[in-house]
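Student: requesting a structural model of the entry that follows:
(2 chains)
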Amino acid sequence: MTTGLGATMVRAGRRLLSSLPALFGVLVFTFLLMRVLPGDPAVFFASGPNAGKEEIEQIRKQMGLDRSVPEQLVFYLSDIGHGNLGRSMMTGQPVLKDLRERLPASLELTFTALLIALIAAVPLGVVAALKPGSIVDHGVRLFCALGVCVPTFVSGLLLIYVFYYLLGLAPDPTGRVDVFTSLPPQRTGFLSIDFLLAGDIEGWWAACKQLILPAVSMALFVIAPLARITRASMLVSLGSDFVRTARSVGLSWRKVVVTYALRNAILPVITIAGIVFSTMLGANVLVEKVFSWPGVASYALDALLSSDYAPVQGFVLLMASLFVLVNLVVDICYGIADPRVSIA
Amino acid sequence: MRFVSFRPAASVLATTALLLIATAPSQAQTRAETLRYVTGSAVNTLDPNIPGSTRESFALSMSTYDRLVAFGRKQLNGKWVFDLDTITGELAESYDVSPDGLKLTFRLRKDAKFQDGSPVTAEDVKWSLDRCVTAPILGKAQLLTGSLTSADQFKVIDPLTIEVTLPKPDKLALPNLATVYPMIINSKVAKEHATADDPWATAWLKEHTAGSGAYVVETFKPGEQVIIKRDEAWNRGTANKPAFFKRVIIQSVPEPATRANLVERGDADLVVDLQASDVQSLEAKGKLKVVSTPQYNAITYVSMNNQMPPFDNVNVRRAIAYALPYDDMFKAALFGRGAPLFGATWPDGKPLNGIYPFQQPVKLDLDKAREYLKAAGLPEGFSTTFSFNVGQSSTAEPMAALVKESLGKIGIKVDIQKLPDAQMSTQINEKKLPFYTEGIVAWLPSTDYFYRNFYTGNQRWNYSSINNPDLAAIAQEARFEPDKAKYEEAGRKLNAMHADLMPQIMLWQPNQDAVMASSVEGYTYEFHRQVDYRDVSRK
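Tutor: Numbering: from 1, shown residues only, chains lettered A, B, ... in the order given. You can find the predicted model right below:
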């Protein structure tokens, strides 16, 4: 068993190394892409009521845009090498600082949403697979179809309308915590954890309440793929020989379904969950906008609209790195779920 | 090895349900003394002089810093607006303008203190004004419009007196000192943070304040929220009292529908950037106070590039001016919330007065438009694109559709082009767009200022790219015209030229719709088009 774990770690390390060229490619590609886009950030940001040519030139210089593109690329790469992602014109802060403050917000939201989605999707998929073609199966299918059909910002606005505006149950949808609540000392950046570490139960409660609506509206959207995959692979494993054998020797229903069938059916679900997680992290921009959530996706969108190069580049790099990490974690999970799987 | 157990999952599910059922917590007792202002934009710097600073940053600096002077306020159709013609002292106790208009003398208040407790001296004023005209910051271009260009123009007479000399008697010199940029900074503190590369401490002042304003910055999260706290010692308000609200929370809420919900539920007190449709429904419900002021220093245009065929032909421009469905556009884009700049009648064909912007004598008249097209030698029409930026799509999109439909009737085929904001401003700057809609704003709205900045020169704000030496000469001359009657005459001439040449079409001045809790009072429309937190109070 220990050699198995060691081998997994070695393979994971090799995997990490082999993804470095891909990361570098993403870096250069994004850099060039931003330069090819037609907007000129200097003109956009020099939009005070009297900003003229001089101001535009000055901003261009400040952003380093007065140099040639290859020169800019060299400077950019050397900055990255020193851990400097540049400065955002939009917020006036170093991009690294912005991302460090905003990433935990996005991660907290995405993790919660994924957790809610898994908790809902796996049982739904299992139930649907146990009685294919029944009312329950159709019900699950309908629910999933609805979840996918309704775009996240619509379900978000709908949830706000019902739970905040009409019923007054949810707190106002403005960010991670009520403006009147004082923040805990920052340790992990995950407010629900930081509040607990600070022993502030009331604050934790406030943070959790802010988290629920956006997390649910995100979860609704991804329950469908997870539930469908669970159902499909459960059907396969329920129809396989070992389940038939297990049933025939009289094992309990629970043992058959949960221990044997589900365990074997869970691999594709893990794969999909990994993909869903990465997608959610980048694509939850609408939810972040609707709930004024200070996350990385809305930050990147704003930057893109105003051609603010540094934040967009920083964001893409971050997403690429996260993607690599998530894939790695998924592979390791494979190993745990099914020791026969190797990730060479 | 067991892989999945559903028991913890079930308990999380139960917790989730519980959380949803729970009701909102009691809010802090100081809620009545706190103003919560929500906005779609965000504060990105504490020094409004930094290139790229947002309008919210301008508004914040009005409360965190004082200036030498401030604009008064007046009532316009029952609503409070800033008054360009009344300039009162802020840090200055009083000021004199010499008879020849070349010398301004300011005497500072003896009791004025910076937020760190040190007194405000003429040295601080000089350092701050020097910074504004010397450092590579936004104030430079602004103060230029008031003939303030060099540090030599500011002289310390004694610790409480400062003198400003002008090369010409410029009417806009004094009002310029009341704008956002020439704020008075605590020079001792700022100098401590200056470096050889950055002698004016721009990097430090971006993240910190060192002023004498009504509010002290408590927390500053760029792009998210700013919380400011009242300075109890501040007494530069009208009643010699500190500002009303103890705390002001300025919070970014990007989604306009959420902002409308917040203010309707009473969780936010004040918002000025709602969608016109939301404002209308909130006004109809009657629970909230809605103060709608036409932004009388801002104008929305349909612009045509006067250097680019076919719009270089004056008759094509006139044809367009008679082919726009003004009333429908006004209703579709703004729900009629604004002041129209079309549909006037000029009895003898001459401008009614010398004030810009003016209501143009144009209306939808397709027969006339066809005649003009014929006169231009294009009876069959032509094809062109009509552009607007994504940021304005809620008003510009319905408008563009109506423009396309109406121009189609006289044979002009229009392709609608929706551009990301940065791309739009780049193309405007490079003069590449033939036909588009865009808006402008002037902090110091006087006729000559509008014509000089928006109708002359090869620069970004000359949307129509008009190059008419006569118009430029009249506007330039009017700038230093001390005689009111002659100034008015020049204004009439310029307006007549505008109506004749039709370089671009003025559409309207959109309303600033401030929606607030019914307990909030004193809201004033300010030149920077944001809220001055010092104006408002609670009943």
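
Student: which residues in the stretch 101-250 of chain B form helices?
Tutor: Along the stretch 101-250 of chain B, counting by DSSP state H, counting those that start in this stretch, helices occupy B:122-134, B:139-144, B:173-176, B:187-192, B:202-207.

Student: from the centroid of chain A, which residue is nearest?
Tutor: A:Leu281 (2.1 Å; C-alpha atoms, centre = their mean).

Student: re the thing from before, quick one: which of the helices of the stretch 101-250 of chain B is nearest B:Asn77?
Tutor: Closest approach to B:Asn77 among the helices of the stretch 101-250 of chain B (C-beta to C-beta): helix B:173-176, 22.5 Å. All C-beta spots, glycine's among them, are computed from the backbone N, C-alpha and C.

Student: can you tell if stretch B:64-74 touches chain A?
Tutor: No: using C-beta under 8 Å from any C-beta of the partner chain, stretch B:64-74 never reaches chain A; the gap is at least 15.3 Å.

Student: do you know which of the helices of the stretch 101-250 of chain B lies nearest A:Leu183?
Tutor: So among the helices of the stretch 101-250 of chain B, helix B:202-207 is nearest, using C-beta to C-beta, at 18.8 Å.

Student: tell me which element the residue lying closest to A:Gly86 once chain neighbours are set aside falls in.
Tutor: Nearest residue to A:Gly86, sequence neighbours excluded (C-beta to C-beta, 6 or more residues apart in numbering or on different chains): A:Ala310, at 3.2 Å. A:Ala310 is part of helix A:309-337 when elements are defined by DSSP states H and E.

Student: helices or strands up against that helix?
Tutor: helix A:2-18, helix A:20-36, helix A:95-130, helix A:263-283, helix A:296-305 (3 or more C-beta pairs under 8 Å, 6 or more residues apart in numbering or on different chains; DSSP states H and E).

Student: which parts of it are buried?
Tutor: A:309-320, A:322-324, A:326-328, A:330-335, A:337 (16 or more other C-beta atoms under 10 Å in any protein chain shown).

Student: now swap in stretch B:369-378 and tell me
Tutor: B:369-373, B:376, B:378.

Student: same thing with stretch A:135-155?
Tutor: Under 16+ other C-beta under 10 Å, the buried positions of stretch A:135-155 are A:137, A:140-141, A:143-144, A:147, A:152-153, A:155.

Student: hmm, back to that, let me have the helices and strands packed on helix A:309-337 in CSV, adding distance to chain B and mean pLDDT as columns.
Tutor: Listed next are the helices and strands packed on helix A:309-337 as CSV, based on distance: least, C-beta to the nearest C-beta, whole Å; pLDDT from 0 to 100:
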stretch, distance to chain B, mean pLDDT
helix A:2-18, 13, 74
helix A:20-36, 11, 86
helix A:95-130, 5, 90
helix A:263-283, 5, 83
helix A:296-305, 5, 85
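
Student: now those helices as CSV including distance to B:Pro398?
Tutor: Output for those, formatted as CSV (distance: least, C-beta to C-beta, whole Å):
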stretch, distance to B:Pro398
helix A:2-18, 52
helix A:20-36, 32
helix A:95-130, 34
helix A:263-283, 29
helix A:296-305, 21
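
Student: and A:Leu169, which of the three is it?
Tutor: Assigned with DSSP: H, G, I helix; E, B strand; the rest coil, A:Leu169 falls in the coil class.

Student: wait, it sits on A:Phe163?
Tutor: Yes: with contact defined as C-beta atoms under 8 Å, A:Leu169 reaches A:Phe163; the gap is 5.0 Å.

Student: in the stretch 151-300 of chain A, which spans are helices?
Tutor: According to DSSP H, counting those that start in this stretch, the helices that the stretch 151-300 of chain A contains are A:152-159, A:191-197, A:201-238, A:241-248, A:253-254, A:263-283, A:285-290, A:296-305.

Student: minimum distance to A:Pro38: which of the ones you listed has it?
Tutor: Across the helices of the stretch 151-300 of chain A, closest to A:Pro38 is helix A:296-305 (C-beta to C-beta), at 12.7 Å.

Student: follow-up on the earlier one: please identify which of the helices of the stretch 151-300 of chain A is closest to A:Leu37.
Tutor: So among the helices of the stretch 151-300 of chain A, helix A:296-305 is nearest, using C-beta to C-beta, at 8.5 Å.

Student: now do the contacts for the closest residue to A:Val28 other than its chain neighbours.
Tutor: The shortest distance from A:Val28 to any residue other than its chain neighbours is 7.1 Å, reached at A:Leu73 (C-beta to C-beta, 6+ apart). By C-beta atoms under 8 Å, 6 or more residues apart in numbering or on different chains, the contact set of A:Leu73 is A:28, A:31-32.
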